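Asker: Everything below, folded, please.
(one chain, ligands or ions: 1)
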Amino acid sequence: MKFNTKAIHGGQKLDPAYGSVMPPIYQTSTYAQSTPGGHKGYEYSRTHNPTRDALENALASLENGSFGIAFGSGLAAIDAVLKLLKPGDEVVSTNDLYGGSYRLFTKIYKKFGMKFHFIGMENASSIEDYINQNTKLIWVETPTNPMMNVIDIKTIAEIAKRRNVLLAVDNTFATPYLQQPLDLGADIVMHSVTKYLGGHSDLILGGLVVRDKELADQLYFIQNASGAICGPQDCFLALRGIKTLHVRMQRHCENGKAVAEYLANHPKIDKVYWPGLQHHPNHDIAKSQMKDFGGMVSFVTKGNNYNEVIKIVENLKVFTLAESLGGVESLAGHPASMTHASIPKEEREKTGIVDSLIRLSVGIEDTADLIADLEQAIG
Ligand SMILES: *Cc1c(COP(=O)(O)O)cnc(C)c1O
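Answerer: As a prediction, the model looks like this:
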């Protein structure tokens with residue numbers, strides 16, 4: 001099955017009860033048993049729920065995986081991966097990272113005796129220096145948030161395999177429409193389904209996809225034992241969003257390109273970060289591992305003037321000033337004071353998150369309206 005068909009049908013079957021085409025929302029905590037243990041595979045909804053099963057199968061199908069595991073948020077999904085580890089274990093992670101992931105690693109797991117190395121992975125082989133016998137996990141985001149660095153998943157996967165370390169890829173920005181990390185050798189794919197997969201800014205949900213049965217069983221155990229599951233209503237919304245992923249992504253990419261090129265030619269703009277631009281440092285890797293370049297665009301104004309940048313984001317009218325990304329509507333964010341405020345300023349600036357950086361999640365509105373909005377706001 002090709003991707004566009006999978007987005008609509010992947011992992012789905014007609015409801016056995018009445019043949020409903022859409023998966024029913026099984027809004028139930030428990031299931032009747034005819035005799036103790038006599039049930040139809042469902043006992044309690046923390047452990048299993050048919051609507052969640054439908055979503056987990058859809059996620060697995062989209063990522064060319066075998067098992068999907070859904071959670072109440074993207075961070076709950078990351079949390080489950082970290083629970084595979086134990087005190088003394090070490091993690092090598094990209095340094096330009098979703099702020100919430102950084103907070104989870106450093107404020108929660110560090111105190112349980114785990115060690116994290118945050119490094120630039122644009123030169124993939126450089127990670128070797130940080131791998132030792134305690135290293136259990138490599139955590140990669142690509143493209144990174146918000147600097148849009150692109151990391152060579154295949155090369156990192158080869159190193160991970162050789163050194164016997166798990167490789168997890170946060171595929172939230174790219175989505176499986178653009179890039180499928182399991183095919184490139186990753187062990188775990190993670191999604192904030194909240195973003196592009198849901199696609200309509202109306203839910204919080206997370207997911208993992210793996211191929212290995214033993215790893216899946218460990219993660220299902222954690223899902224049930226820790227209990228950070230998502231409710232059936234949200235699973236339904238996520239499934240509905242996924243059905244249009246491919247058409248939305250196509251438009252996100254077209255509008256992302258138009259906005260990136262407009263900004264790159266603007267006299268008041270200093271730098272534009274979008275992997276589709278020729279001058280992007282890892283444009284070639286992006287071209288080889290991604291189908292297109294996505295709708296996330298970051299940029300820095302000339303002069304690095306904080307007040308001027310705040311005025312730009314306040315003046316935008318079609319773009320809404322808000323956290324999050326990946327919905328049909330365009331959003332603008334100021335990472336230094338919003339999404340990445342939990343990362344210390346000096347750490348932030350080391351990776352390029354200066355005060356004048358603006359991050360756009362380019363939506364699927366009319367391209368001309370988006371450009372006109374940027375034009376009036378930047379001046
Ligand atoms: C939003 C986001 C997360 C966290 O997901 P939630 O659903 O908000 O918990 C993780 N990684 C990336 C790249 C994100 O954008």
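
Asker: Up against the ligand, what does the stretch 201-350 of the chain have?
Answerer: Residues of the stretch 201-350 of the chain lying close to the ligand (CB under 6 Å from any ligand atom) are 204, 206. Just so you know, the C-beta spots here come from the backbone N, C-alpha and C atoms, and that holds for glycine as well.

Asker: Now do the helices in the stretch 201-350 of the chain.
Answerer: For the stretch 201-350 of the chain, the helices defined by DSSP state H, counting those that start in this stretch occupy 213-226, 232-242, 245-264, 283-289, 306-315, 345-350.

Asker: deepest of those, which one?
Answerer: helix 232-242 (a mean of 23; mean count of other CB atoms under 10 Å).

Asker: Now do that one: which elements does it pack against?
Answerer: helix 50-62 (3 or more CB pairs under 8 Å, 6 or more residues apart in numbering; DSSP states H and E).

Asker: Determine which of the helices of the stretch 201-350 of the chain approaches Ile138 most closely.
Answerer: Ile138 lies closest, by CB to CB, to one member of those: helix 213-226, at 14.6 Å.

Asker: Helix 50-62 and that closest one, what's the angle between them?
Answerer: Following axes from the mean of the first three to the mean of the last three CA atoms, to 10 degrees, one obtains 150 degrees for the angle between helix 213-226 and helix 50-62.

Asker: Point out the other helices and strands that helix 213-226 packs with.
Answerer: The contact analysis (3+ CB pairs under 8 Å, 6+ apart) places helix 213-226 against strand 67-71, helix 74-82, strand 206-210.

Asker: that older thread, would you convert the helices of the stretch 201-350 of the chain into TSV that also reports distance to Ala168?
Answerer: Output for the helices of the stretch 201-350 of the chain, formatted as TSV (distance: least, CB to CB, whole Å):
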stretch	distance to Ala168
helix 213-226	10
helix 232-242	20
helix 245-264	21
helix 283-289	16
helix 306-315	32
helix 345-350	22
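
Asker: Can you add mean pLDDT and give those helices back as a markdown table?
Answerer: Listed next are the helices of the stretch 201-350 of the chain as a markdown table, based on pLDDT from 0 to 100:
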| stretch | mean pLDDT |
| --- | --- |
| helix 213-226 | 98 |
| helix 232-242 | 98 |
| helix 245-264 | 98 |
| helix 283-289 | 97 |
| helix 306-315 | 94 |
| helix 345-350 | 86 |
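
Asker: closest one to His191 among the ones you listed?
Answerer: helix 232-242 (9.7 Å).

Asker: quick one on the thing from earlier: from the helices and strands packed on helix 213-226, which stretch is densest packed?
Answerer: When the helices and strands packed on helix 213-226 are scored by mean count of other CB under 10 Å, the highest mean neighbour count falls to strand 206-210 (a mean of 28).

Asker: Quickly run through the sheet partners of it, with directions.
Answerer: Neighbouring strands of strand 206-210 in its sheet, by DSSP bridges, are strand 67-71 (antiparallel), strand 188-192 (antiparallel).

Asker: Just put the helices and strands packed on helix 213-226 in JSON lines and tack on mean pLDDT.
Answerer: Converted to JSON lines, the helices and strands packed on helix 213-226 look like this (pLDDT from 0 to 100):
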{"stretch": "strand 67-71", "mean pLDDT": "98"}
{"stretch": "helix 74-82", "mean pLDDT": "98"}
{"stretch": "strand 206-210", "mean pLDDT": "98"}
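
Asker: Mind putting these into a markdown table with distance to Tyr220?
Answerer: As requested, these are exported to a markdown table (distance: least, CB to CB, whole Å):
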| stretch | distance to Tyr220 |
| --- | --- |
| strand 67-71 | 6 |
| helix 74-82 | 10 |
| strand 206-210 | 10 |
